[in-house]
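K.L.:
Any chance you could fold what I've pasted below:
(chains A and B)
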Amino acid sequence: MELKVKTVNRIDGFQEALYLPAIFNGLRLTVRHFFKNLFGSREVVTIQYPEEQRHVSPRWRGRHRLTRRENGFIKCVACYMCETICPAHCIHIEAGDHPDLSIEKYPVVFDIDELRCVFCGLCVEACPKEAIRMDTGVIAMAYSSRNRFDYTRDLLKDTYRPNKETKYTDIPLPKTEEEALPNSRGIPST
Amino acid sequence: MNEIINIAINILLDPFIQTILKIVVIIFMFVMPLATVLTLMERKWSAMIQDRVGPNRANLPFADNFRGRGALHIAADALKSIFKEDFIPRGADRFLFTIAPYFGFAAALSVFAIVPFAAPIGDFTFQITDVKPGLLYIFAITSLGVYGSVLAGASSNSKFALLGGTRASAQMLSYEVFIGISLLGIFMVYESTQISVIVDGQNTYWFGNLIPKWGIFTQPVAFVLFFVAMIAETKRAPFDAPEGESEIVAGYFLEYSGMRFGAFMLAEYIAIVGVSVLMVTLFLGGYHIPWLHLWESAPQALVTILQILKFTLLSVFFCWLQLQIRWTIPKFRFDQTMALGWKKMLPVAMANVLVTAIIILLAN
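P.N.:
Down below sits the predicted model:
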């Protein structure tokens, strides 16, 4: 098999050796951009991040949240589907008896280590009850300490930030904390 | 009361005091503001060229987060470099390391000693000193500037800095040759090396009052050669091999921090202003406004103001042009820098001198 060699045509000659025509061509381009941006129509695509935010699509996988029933209980039935499918092993669930006898279980502990999470969305797809979603629109979580990335159930249950793109209105908020989550592990929600 | 005014006038008429005042005014009202603003403009203008926003984050928390479109970055930069640790690496030559930045700084500032900003009024000149050797003084001073980078590179006890210093010295020494030879034509045309004579020579005209005998028209080749050689002297892109980021990090001032690093940076921008000022003085008629002598009844004060304005505007234009070139052309490899100088610019400069001499001979 013969080697494929592509010969690059080098432009030699007086004009190239003079450099000046090439320099003027380059300057014409940069000067055009300079004056275009100096007067009026700025072509910059920069988003001034903290003040302006990037458009988030409704399908964007952001931080998780646990959805609720009509009466404010979280929908999760502690079936361990999401924990099983999670490729990053970042979900930890401990089940407990649900006070409502028609529902078998609810998660006493539901922790997500957001630092390990790869935001693949498999937990959302695996969930049979639509109990976990990633539609909060939260793009970045930034904390100064590692353990703040361990999101517990009480942190997750209400981390829904209203977003123009996500239409999510079917879940009313609970009347009180105690009513919504009996046997809470006692980690205060911030 | 009258006595006090008389004493004050006498003090102001004293040439020594006048010189001191001129130095203060030129440095603190022209050079330093322009150089300082250029440090920000370099970043803002490069952002415009590349369709970016540029620095705009520095703000005043106590004044409603006032940002001033990034203008506060000048103050932020100054504060930062003042309060940063002034680090001297182990094994460095403390004395040379300490004084090296100020060689380049002093050399860059010395250019302004002989540049006239407006036409003299009576005995009063708008020029710190009009030395007889004129441009030869500039050549001497730019040679001094080499010491800054060489001493910085040699005293830092760092291989990168040493390499950078070596490259800087080789490049600057080479391009000094072309600065000299490219200006030989100017000396021949205006028959002097003295700045005031050269500037006045550019106030004469061809074909009656049609075309001013500016350096750019009498010596167009020298204009290009001198500009290129001076850009190489400032060690900025496309001739920034002494600071080649990919090979030797920051080159000769790699080990510097804080205010000494700031001195190197500011010296670079002062050098840009110096190049612009020399370009205007030697090739664009200096302070002379073309065809203004036709308006014979022009008031002296207005003429002086217009001259200073013309000089400043053209200087700013050349500063802008240098930044524009820096953000347009990719840098030359070090051997390319040398080849461009010795194999291309030297013969062209020689030929320019020869052709100029022949034309002058035939014209006489």
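
K.L.:
make it CA atoms for all contacts and neighbour counts henceforth
P.N.:
OK.

K.L.:
can you pull the pLDDT of the nearest residue to A:Arg68 once chain neighbours are set aside?
P.N.:
Sequence neighbours aside, A:Ile74 is the residue nearest to A:Arg68 in space, at 4.0 Å (criterion: C-alpha to C-alpha, 6 or more residues apart in numbering or on different chains). pLDDT, A:Ile74: 81.

K.L.:
now A:Tyr49
P.N.:
A:Tyr49 is given a pLDDT of 75.

K.L.:
what's the burial count for residue 9?
P.N.:
Just going to use chain A. If you count neighbours by other C-alpha atoms under 10 Å in any protein chain shown, A:Asn9 ends up with 6.

K.L.:
think we crossed wires, I meant chain B
P.N.:
11.

K.L.:
right, and the helix or strand after the one helix or strand it maps to?
P.N.:
Using DSSP states H and E, B:Ile9 maps to helix B:2-13. Where DSSP H and E defines the elements, the next helix or strand beyond helix B:2-13 is helix B:15-26.

K.L.:
residues in chain B within reach of chain A, list them.
P.N.:
For chain B, the contact set with chain A under C-alpha under 8 Å from any C-alpha of the partner chain comprises B:45, B:48-53, B:324-325, B:327-329.

K.L.:
Would you convert those into CSV that also reports pLDDT?
P.N.:
Formatted as CSV, these follow (pLDDT from 0 to 100):
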residue, pLDDT
B:Trp45, 87
B:Met48, 85
B:Ile49, 86
B:Gln50, 86
B:Asp51, 84
B:Arg52, 84
B:Val53, 84
B:Gln324, 89
B:Ile325, 89
B:Trp327, 89
B:Thr328, 89
B:Ile329, 87
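
K.L.:
What is the three-state secondary structure of A:Glu94?
P.N.:
strand (DSSP: H, G, I helix; E, B strand; the rest coil).

K.L.:
And the residues of chain B next to chain A, which two are furthest apart?
P.N.:
Largest separation among the residues of chain B next to chain A by C-alpha to C-alpha: B:Val53 and B:Ile329, giving 20.9 Å.

K.L.:
ok, B:Leu362 - how many residues close by?
P.N.:
Residues near B:Leu362, counting by other C-alpha under 10 Å, number 8.

K.L.:
so which strand or helix has it?
P.N.:
Judged by DSSP H and E, B:Leu362 forms part of helix B:346-363.

K.L.:
picking that back up, figure out how far the helix holding B:Ile9 is from the centre of its chain.
P.N.:
36 Å (C-alpha atoms, centre = their mean, to the nearest Å).

K.L.:
Could you give the average pLDDT over it?
P.N.:
Mean pLDDT, helix B:2-13: 80.

K.L.:
neighbours around the nearest residue to B:Lys22 once chain neighbours are set aside, how many?
P.N.:
Nearest residue to B:Lys22 in three dimensions, chain neighbours excluded: B:Ile128, at 5.9 Å (C-alpha to C-alpha, 6+ apart). Using other C-alpha under 10 Å, B:Ile128 has 20 other residues around it.

K.L.:
who touches B:Ile128 in this structure?
P.N.:
Listed by C-alpha atoms under 8 Å, 6 or more residues apart in numbering or on different chains, the contact set of B:Ile128 reads B:19, B:22-23, B:112-116.

K.L.:
looking at those residues, which has the most residues close by?
P.N.:
Those, ranked by neighbours (other C-alpha under 10 Å): first place B:Val115, 27 neighbours.

K.L.:
Against B:Ala351, how distant is that one?
P.N.:
28 Å (C-alpha to C-alpha, to the nearest Å).

K.L.:
A:Leu101 versus the spatially closest residue to A:Thr67 that is not a sequence neighbour, what's the distance?
P.N.:
Closest residue in space to A:Thr67, ignoring its immediate chain neighbours: A:Ala131 at 5.0 Å, by C-alpha to C-alpha, 6+ apart. Between A:Ala131 and A:Leu101 the distance is 19 Å, computed by C-alpha to C-alpha.

K.L.:
more neighbours, the two?
P.N.:
Per other C-alpha under 10 Å, whichever of A:Ala131 and A:Leu101 has more neighbours is A:Ala131, with 19 against 8.

K.L.:
Pull up the residues of chain A that are close to chain B.
P.N.:
Residues of chain A lying near chain B by C-alpha under 8 Å from any C-alpha: A:23, A:26-27, A:30-31, A:33-35, A:37-38, A:42-46.

K.L.:
sorry, back to before: host element of the residue nearest to B:Lys22?
P.N.:
Applying DSSP H and E, one finds B:Ile128 in no helix or strand.

K.L.:
out of B:Val53 and B:Ile329, which sits in the busier spot?
P.N.:
Taking neighbours as other C-alpha under 10 Å, B:Val53 and B:Ile329 compare with B:Val53 leading, 23 against 17.

K.L.:
Quick check: that one touching A:Thr46?
P.N.:
Yes: between B:Val53 and A:Thr46 a contact is recorded at 6.8 Å, counting by C-alpha atoms under 8 Å.

K.L.:
Can you point out the buried residues in the helix or strand hosting B:Val189?
P.N.:
If you go by DSSP H and E, B:Val189 is part of helix B:159-190. Using 16 or more other C-alpha atoms under 10 Å in any protein chain shown as the test for burial, helix B:159-190 gives B:160-172, B:174-186, B:189-190.

K.L.:
Which of the helices or strands spans the residue nearest the centre of chain A?
P.N.:
Nearest residue to the geometric centre of chain A (C-alpha atoms, centre = their mean): A:Gly62, 2.3 Å. In the assignment (DSSP H and E), A:Gly62 maps to no helix and no strand.

K.L.:
got the contact list for it?
P.N.:
Contact partners of A:Gly62, counting by C-alpha under 8 Å, 6+ apart, are A:119, A:134-139.

K.L.:
Give me the buried subset of the residues you listed.
P.N.:
Judged by 16+ other C-alpha under 10 Å, buried ones among the contacts of A:Gly62: A:119, A:134-138.

K.L.:
Closest one of those residues to chain B?
P.N.:
Chain B has its nearest neighbour among these in A:Val138, at 23.8 Å by C-alpha to the nearest C-alpha.

K.L.:
What helices and strands are in contact with the helix holding B:Leu362?
P.N.:
When contacts are defined as 3 or more C-alpha pairs under 8 Å, 6 or more residues apart in numbering or on different chains; DSSP states H and E, helix B:346-363 packs onto helix B:159-190, helix B:220-233.

K.L.:
Surely B:Lys80 is within a strand?
P.N.:
No: counting by three-state DSSP, B:Lys80 falls outside a strand, being helix.
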